[in-house]
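Novice: sequence and predicted structure below; questions after.
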Amino acid sequence: MLSQFRSNRKRTGGLYNKISKKKKTHIGRDFLPMKLAEEKRTKLRSHGGNSKATLICSNVVNVLDPATNAVKKAKIITVKENAANPHFVRMNIVTKGAVIETDAGLAKVTSRPGQHGTINAVLVKQK
């Protein structure tokens, strides 16, 4: 079980005194990588009965051009670099901070696709 709760052990190896038991609200989720393919979403139940739309696959991005301050949809060609993990580049996994090649040019992802359900990016270099 993935826990979002504090560890039971101190840095020295000793045990913390229990504050409370483990609760269902402390359960985390596995990492769902957002890959390049036809758009596919899923809905997850989150805290308080709310729902969260997560993106599993997508090949479309909302690109902001800082020069004109206009937003347009662009098709993702490939992932150029990803600071989160260098292996994500060859697997074409998109995370926040990844630099992607689009038909509008190179863009840096500003949203969290697995959390927000969309991919938003800012143009870095125009074609």
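Specialist: That came through, no problem. Just so we're clear, the structure is a prediction, and the values are computed from it rather than from any experiment.
Novice: ok, Gly49 - how many residues close by?
Specialist: 6 (other CB atoms under 10 Å). All C-beta spots, glycine's among them, are computed from the backbone N, C-alpha and C.
Novice: would you mind measuring from it to Lys24?
Specialist: 12 Å (CB to CB, to the nearest Å).
Novice: can you give me the helices for the chain?
Specialist: Taking DSSP state H, the helices of the chain run over residues 87-91, 113-116.
Novice: and the first one, average pLDDT?
Specialist: Average pLDDT, helix 87-91: 95.
Novice: buried ones in that helix?
Specialist: Phe88 (16 or more other CB atoms under 10 Å).
Novice: give the other helices and strands that it contacts.
Specialist: strand 70-81 (3 or more CB pairs under 8 Å, 6 or more residues apart in numbering; DSSP states H and E).
Novice: neighbouring strands of the strand it packs on in the sheet, and parallel or not?
Specialist: strand 60-65 (antiparallel), strand 99-102 (antiparallel) (DSSP bridges).
Novice: now for these, which one comes closest to Ile119?
Specialist: Ile119 lies closest to strand 60-65 among these, at 4.5 Å (CB to CB).
Novice: what are the buried residues along the closest one?
Specialist: Applying 16+ other CB under 10 Å to strand 60-65 flags 61, 63 as buried.
Novice: swap in stretch 106-124?
Specialist: 106-109, 111-114, 117, 119-121, 123.
Novice: let me have the helices of the chain in TSV, extended by distance to Leu36.
Specialist: As requested, the helices of the chain are exported to TSV (distance: least, CB to CB, whole Å):
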stretch	distance to Leu36
helix 87-91	9
helix 113-116	11
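Novice: out of these, flag the one nearest Lys127.
Specialist: helix 87-91 (19.9 Å).
Novice: dump that closest one to PDB, restricted to CA.
Specialist: Below are the C-alpha coordinates for helix 87-91, written out as PDB (Å, rounded to 0.1, in the frame of the first residue of the first chain):
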ATOM      1  CA  HIS A  87      14.300   7.200 -19.700                       C
ATOM      2  CA  PHE A  88      11.000   9.000 -20.200                       C
ATOM      3  CA  VAL A  89      12.300  10.500 -23.400                       C
ATOM      4  CA  ARG A  90      12.700   7.200 -25.200                       C
ATOM      5  CA  MET A  91       9.400   5.900 -23.800                       C
END
